[in-house]
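Q: Let's see this in three dimensions:
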Amino acid sequence: MVLNFFRTVIAGLLMGWANVIPGVSGGTIAVIIGVFERLIEVVNDVMKLKISKKDLVFISLIALGLLIGILSGSKILSWSFENYPFYTYSFFYGLILLSLINFKDEIRTFKIVEFLVGVLIVIIPYVVSNAVKLQDTQVSDSISYFGLFVSGVIAGGSMILPGLSGSLMLMILGFYEKAIATVSRFASRDFTGSDILFIIVLGSGVLFGIGLISKLLKIWLEKAKQSILNFILGLVAGSLYPITPAFHGTGTLIGMFLWIALGGLVVYSLGKIQK
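A: Next up, the predicted model:
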């Protein structure tokens, strides 16, 4: 019981970290740790205002991990990706690579169309973001809160879908820098009233997007489970492309393989806890 609680909090923590970094998917982390389907079911129950004590404990532990992950990630991972991007991405690459090997065992019938759609949905936004050089995008002080809410909906849907990055969607839509700066001020307890409004509007959009996508995924899981599993496999496989270490700085091959191995070890250890 204690190990399951620990695994759930760790799942939320890693999802929070992943959602801070463009190109890394919180939904993929949920698949890696084995909480994805449960998360979809619980979110749908919450939307129906029908939730058991067991589900309440689960979602509370996930939320606790997410909160810790987002607040710490805005500081720790921002520093890590700024100073050691090659090795940090190597770690996430190891996480996803081993989970992909494990996840394929759940596929009884391989469906090429669903798999390729999943791969392309992940790769295309990343290619687009590089093409328009979004790292130079700046958000003006005048914010459209309707646009912020809609961006939150899109980012929220991306956060729950394996392979898609909510942070990358925010970057494409032009709100990533502002969001990270605002969260960092909250972590430092140096926020303003406009920061609170920004978080409320963005957070409301994210929650709405998570609920909407969760509903669609639940329907798909019930109607055609093998179809959606192939789609998710494609999403997870596609997510290896944007986080390829070679795209993010330089480092030694030995160091890269060590960090990939460490990421794989984390997945293996969490799998043992799950069993």
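Q: quick one: least confident helix or strand in this protein?
A: One helix or strand of the chain scores below all others by mean pLDDT, DSSP states H and E: helix 166-173, with a mean of 70.
Q: Quick check: chain neighbours aside, which residue is closest to residue 209?
A: In space, residue 209 comes closest to residue 156 once its chain neighbours are excluded; the distance is 2.6 Å by C-beta to C-beta, 6 or more residues apart in numbering. From N, CA and C alone the C-beta is placed, and that goes for glycine too.
Q: same check, this time on residue 81
A: Using C-beta to C-beta, 6+ apart, the nearest residue to residue 81 is residue 88, at 5.3 Å.
Q: what sits up against the helix or strand harbouring that neighbour?
A: Element membership for residue 88, per DSSP states H and E: helix 85-103. Contacts to helix 85-103, defined as C-beta atoms under 8 Å, 6 or more residues apart in numbering, come from residues 14, 18, 21, 24, 28-29, 31-32, 77, 80-81, 232-233, 236-237, 239-240, 243-245, 247-251, 255-257, 259-268, 271.
Q: Using PDB, list the CA coordinates for the helix or strand that comes right after that helix.
A: The helix or strand immediately downstream of helix 85-103 is helix 112-131, counting by DSSP H and E. What follows is helix 112-131 as a C-alpha-only set of coordinates in PDB (Å, rounded to 0.1, in the frame of the first residue of the first chain):
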ATOM      1  CA  ILE A 112       0.100   0.800 -38.900                       C
ATOM      2  CA  VAL A 113      -2.300   3.600 -39.600                       C
ATOM      3  CA  GLU A 114      -3.000   4.500 -35.900                       C
ATOM      4  CA  PHE A 115       0.700   4.100 -35.100                       C
ATOM      5  CA  LEU A 116       1.900   6.400 -37.800                       C
ATOM      6  CA  VAL A 117      -0.800   9.000 -37.000                       C
ATOM      7  CA  GLY A 118       0.500   9.000 -33.400                       C
ATOM      8  CA  VAL A 119       4.100   9.400 -34.500                       C
ATOM      9  CA  LEU A 120       3.300  12.300 -36.900                       C
ATOM     10  CA  ILE A 121       1.100  14.200 -34.300                       C
ATOM     11  CA  VAL A 122       4.100  14.400 -32.100                       C
ATOM     12  CA  ILE A 123       6.800  15.200 -34.700                       C
ATOM     13  CA  ILE A 124       5.000  17.800 -36.700                       C
ATOM     14  CA  PRO A 125       4.500  20.400 -33.900                       C
ATOM     15  CA  TYR A 126       8.200  20.100 -32.900                       C
ATOM     16  CA  VAL A 127       9.300  20.600 -36.500                       C
ATOM     17  CA  VAL A 128       6.900  23.600 -36.800                       C
ATOM     18  CA  SER A 129       8.300  25.100 -33.600                       C
ATOM     19  CA  ASN A 130      11.800  24.900 -34.900                       C
ATOM     20  CA  ALA A 131      10.900  26.300 -38.300                       C
END
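Q: tell me what helix 112-131 is packed against?
A: Where contact means 3 or more C-beta pairs under 8 Å, 6 or more residues apart in numbering; DSSP states H and E, helix 112-131 is packed against helix 166-173, helix 225-238.
Q: could I get those helices as JSON lines with distance to residue 181?
A: Shown next, in JSON lines, are the helices and strands packed on helix 112-131 (distance: least, C-beta to C-beta, whole Å):
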{"stretch": "helix 166-173", "distance to residue 181": "12"}
{"stretch": "helix 225-238", "distance to residue 181": "29"}
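Q: Using JSON lines, lay out the ones you listed together with distance to residue 108 and mean neighbour count.
A: Putting the helices and strands packed on helix 112-131 into JSON lines (distance: least, C-beta to C-beta, whole Å; neighbours: other C-beta atoms under 10 Å) gives the following:
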{"stretch": "helix 166-173", "distance to residue 108": "30", "mean neighbour count": "24"}
{"stretch": "helix 225-238", "distance to residue 108": "6", "mean neighbour count": "22"}
